[in-house]
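K.L.:
next comes the sequence, and after it the predicted model I'd like to discuss.
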Amino acid sequence: MDVLQLLKNELKERQSDVSAFIDGSTTHQNWSSIAGHLKAHLTLELEYLLPELAAVSPKQDAALQRLETDLVGLRMQLDRLGLDDHPPADQVMELRDALARHGQLIEDRILPLMRQRISTADREELYDALQDAKQDIIRSTLGMAM
């Protein structure tokens with residue numbers, strides 16, 4: 001599998017989790033679990049994907065700067081919400097909206113950049129590396145939340 005698909009699937013899952021929490025349609029996940037998985041996803045993008053993209057992009061790439069700004073902002077919002085099972089609804093909605101804007105950035109700017117600058121074989125290798133890192137991050141993130 002390609003890292004592009006991993007990124008798209010992960011982001012859609014996280015968006016769906018947050019939306020389901022707001023709608024009250026999630027019965028199998030509490031906020032701390034949703035927040036833990038989202039934090040793991042953001043960590044994966046910030047600490048693993050962003051450096052890979054920076055290595056194949058020109059300095060001061062506007063899309064990468066925006067990506068980093070988005071990721072830092074999302075982490076800050078998530079940290080403010082904490083892991084309490086009853087976070088303020090308005091703040092969760094703000095997070096959902098910011099996550100939707102981030103998803104649009106990924107779709108419009110980051111995925112095309114990755115297709116252009118990273119070969120298919122390298123994207124497949126990156127998929128394996130990110131999949132392993134994702135599992136490690138989830139274990140450590142959810143381990144702290146328990």
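P.N.:
Everything's here; your move. As the structure is a prediction and not an experimental result, all values here were calculated from the model. Residues are numbered from 1 along each chain as shown.

K.L.:
what about residue 135, how many residues nearby?
P.N.:
Residue 135 has 11 neighbours, counted by other Cβ atoms under 10 Å. Quick note: C-beta positions are derived from backbone N, CA and C, even for glycine.

K.L.:
give me the pLDDT for it.
P.N.:
Among the per-residue scores, residue 135 shows a pLDDT of 87.

K.L.:
what do you get for the one 3 residues further on?
P.N.:
In this prediction, residue 138 carries a pLDDT score of 82.

K.L.:
other SSEs contacting the helix or strand that contains it?
P.N.:
Here residue 138 sits within helix 120-145, counting by DSSP states H and E. Using 3 or more Cβ pairs under 8 Å, 6 or more residues apart in numbering; DSSP states H and E, the elements in contact with helix 120-145 are helix 3-23, helix 31-43.

K.L.:
go through those helices and pick out the most buried.
P.N.:
Comparing those by mean neighbour count (mean count of other Cβ atoms under 10 Å), helix 31-43 ranks first with a mean of 22.

K.L.:
for residue 125, which of the helices and strands packed on helix 120-145 is the nearest?
P.N.:
Across the helices and strands packed on helix 120-145, residue 125 has its closest neighbour in helix 3-23 (8.4 Å, Cβ to Cβ).
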